[in-house]
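K.L.:
Let me see the structure of the following:
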Amino acid sequence: MQKVIEITAVRKFYEMGEQLVKALNGVDLTINRNEYVALMGPSGSGKSTLMNMLGCLDTPTSGAYLLNNENVSELIDDELAEIRNKEIGFVFQTFNLIPRLSALENVALPLVYSGMKKSARLDKAQQVLESVGLGDRTDHKPNELSGGQRQRVAVARALVNDPSIILADEPTGNLDSKTSIEIMALFEQIHNNGNTVILVTHEPDIAEHAHRIIRLRDGLIESDILNDKIISALQ
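P.N.:
This next block holds a predicted model:
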């Protein structure tokens, strides 16, 4: 299997006043292409720090992070930004859409940095919006959409650059139960299309959608198990 992520002996320490906080304290982790992984853990477990590391939003104090065989732990900020734009699609709990832009324009935004012409950007954004069931909402601004529709726009924006990884941080945190189920079905569809999906959540019922569940505690991986219910259902 092809490795997308390989983390070796990663530590991340922060100084808070005179106290040294060991957010990650020697984490080893490998994630292969087309895996569907949930990261779980209580507040202070290190899961948010690990998510920031995986998303190239932060670099380790020590250790190595290889993303598609490139050691991104040694890159400078500009290089990390380029990697983020090419390799990682982010989906956030709060959607992070730009209010004055239409759904189509929000989805097309990451393509601005790729040098693609505007007409080609909008064509690609239209295709991706249709793939998440919002082909008829392209001209709507975020405040004209429901919470579930806004999250679908956010998912489409994450997909538009054909990234190596979809990284979703509490993607159902602001949604009701029915809409949460619909969004999780969309992530399953994305995974079935060949994407690597990493889901950060504190909700066990949301984590159960993933095929592999990793739990962190005190800056270390406490458990890393396959989701037997999902695996059995696929066989």
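
K.L.:
where along the chain do the strands fall?
P.N.:
Under the criterion DSSP state E, the chain contains strands at 3-16, 19-32, 36-40, 62-67, 70-71, 88-92, 165-169, 196-200, 212-217, 220-226.

K.L.:
who does the third one pair up with?
P.N.:
Within its sheet, and counting by DSSP bridges, strand 36-40 is paired with strand 196-200 (parallel), strand 212-217 (parallel).

K.L.:
Show residues contacting it.
P.N.:
The contact list for strand 36-40 (CB atoms under 8 Å, 6 or more residues apart in numbering) reads 31, 47, 50-51, 187-188, 191, 196-202, 204, 206-207, 209-216. Yep, even glycine has a C-beta here, placed from its N, CA and C like the rest.

K.L.:
Could you pull out the helices in this structure for me?
P.N.:
47-54, 77-87, 103-108, 118-131, 147-159, 177-192, 204-207, 228-234 (DSSP state H).

K.L.:
Now do the buried residues in stretch 89-97.
P.N.:
For stretch 89-97, the neighbour count (16 or more other CB atoms under 10 Å) marks Gly89, Phe90, Val91, Phe92, Gln93, Phe95, Leu97 as buried.

K.L.:
quick one: average pLDDT of stretch 211-228?
P.N.:
What stretch 211-228 shows for mean pLDDT is 93.

K.L.:
List the buried residues in it.
P.N.:
Applying 16+ other CB under 10 Å to stretch 211-228 flags His211, Arg212, Ile213, Ile214, Arg215, Leu216, Gly219, Leu220, Ile221, Asn227 as buried.

K.L.:
possible to save the buried residues of stretch 89-97 as a markdown table with distance to Asn68 and pLDDT?
P.N.:
Formatted as a markdown table, the buried residues of stretch 89-97 follow (distance: CB to CB, whole Å; pLDDT from 0 to 100):
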| residue | distance to Asn68 | pLDDT |
| --- | --- | --- |
| Gly89 | 14 | 94 |
| Phe90 | 17 | 94 |
| Val91 | 20 | 94 |
| Phe92 | 23 | 90 |
| Gln93 | 27 | 88 |
| Phe95 | 28 | 90 |
| Leu97 | 28 | 95 |
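
K.L.:
Now the two most distant members of those residues.
P.N.:
Gly89 and Gln93 (15.2 Å; CB to CB).

K.L.:
Contacts only, for the nearest residue to Leu29 once chain neighbours are set aside.
P.N.:
Using CB to CB, 6 or more residues apart in numbering and skipping the chain neighbours, the partner closest in space to Leu29 is Ile7 (4.3 Å). Contacts here follow CB under 8 Å, 6+ apart; on that basis Ile7 touches Val27, Asp28, Leu29, Thr30, Met53, Gly63, Ala64, Tyr65, Leu66.
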